[in-house]
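K.L.:
Okay, sequence plus prediction incoming.
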Amino acid sequence: QSALTQPASVSGSPGQSITISCTGTSSDVGSYNLVSWYQQYPGKAPKLMIYEGNKRPSGVSNRFSGSKSGSTASLTISGLQAEDEADYYCCSYATSSTYVFGTGTKVTVL
Amino acid sequence: QLQLQESGPGLVKPSETLSLTCTVSGGSIISSGYYWGWIRQPPGKGLEWIGSIYYSGSTSYNQSLKSRVTISVDTSNNQFSLKLRYVTAADTAVYYCARETGGDYYILYWGQGTLVTVSS
């Protein structure tokens, strides 16, 4: 199982919107609407931000949204804030109850 | 509030077996619909799913690690464990235990992570 492909870095100014892509295959992202997104600060455990493609857990800002087209999922952060500067990972269900993570994207707030 | 805590040696010699235990508190490991998993992250690199187990003992593993990994569950002590055999320096990583939600396939609860270094 190969890692899902994400851009290494994405940046934006405060208040702007940014989108992080996550490209998989027909064996994972393309076949299931089961993509989740995680935010990770240095030295900390990941935090769930989006699940089932576009659902937000309780407590996650509505500035975070998810979508999918074909084998590519996306995470959009609108109204970018300084606190959004972190690493972001996508994750998809794959076959036989397994998971595959993305390569990770570093978000920088300019 | 569910909490998970990893424990085990922080240093393992090459070719030996890495052993970690995750203790679950604030909830029972015998919970329908939830799986108990391990994820790792080499220093400065991305996340890699290792595998998971249901309280019944049913397991799923990352194909790339399957030949070296065993995950087991101890329901009497509300714990689950990871064994990774024949380790090399490439297995040096922060190891996280986590609760996976079956059906929807996401991870809401994570342990704080524990760094395991493989070195002689």
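P.N.:
Cool, the structure landed.
K.L.:
what pLDDT does residue 91 get?
P.N.:
Reading this off chain A. A:C91 is assigned a pLDDT of 97 by the prediction.
K.L.:
The intended chain is chain B.
P.N.:
98.
K.L.:
Make sure it is actually in contact with B:V116.
P.N.:
Yes. Using Cβ atoms under 8 Å, B:D91 is in contact with B:V116, at 7.4 Å. Every residue, glycine included, has its C-beta placed from N, CA and C.
K.L.:
Now do the helix or strand encompassing B:L82: which elements does it pack against?
P.N.:
Using DSSP states H and E, the element containing B:L82 is strand B:79-84. The contact analysis (3 or more Cβ pairs under 8 Å, 6 or more residues apart in numbering or on different chains; DSSP states H and E) places strand B:79-84 against strand B:18-25, strand B:48-53, strand B:69-74, strand B:93-101.
K.L.:
Figure out which of those strands is closest to chain A.
P.N.:
strand B:48-53 (4.2 Å; Cβ to the nearest Cβ).
K.L.:
So what are the sheet partners of the closest one and their directions?
P.N.:
With DSSP bridges as the test, strand B:48-53 is paired with strand B:34-41 (antiparallel), strand B:59-61 (antiparallel).
K.L.:
how about TSV for those strands, with mean neighbour count and mean pLDDT added?
P.N.:
Below are these laid out as TSV (neighbours: other Cβ atoms under 10 Å in any protein chain shown; pLDDT from 0 to 100):
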stretch	mean neighbour count	mean pLDDT
strand B:34-41	24	97
strand B:59-61	20	96
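K.L.:
any chance of those in TSV, plus distance to B:L18?
P.N.:
Shown next, in TSV, are the strands paired with strand B:48-53 (distance: least, Cβ to Cβ, whole Å):
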stretch	distance to B:L18
strand B:34-41	10
strand B:59-61	15
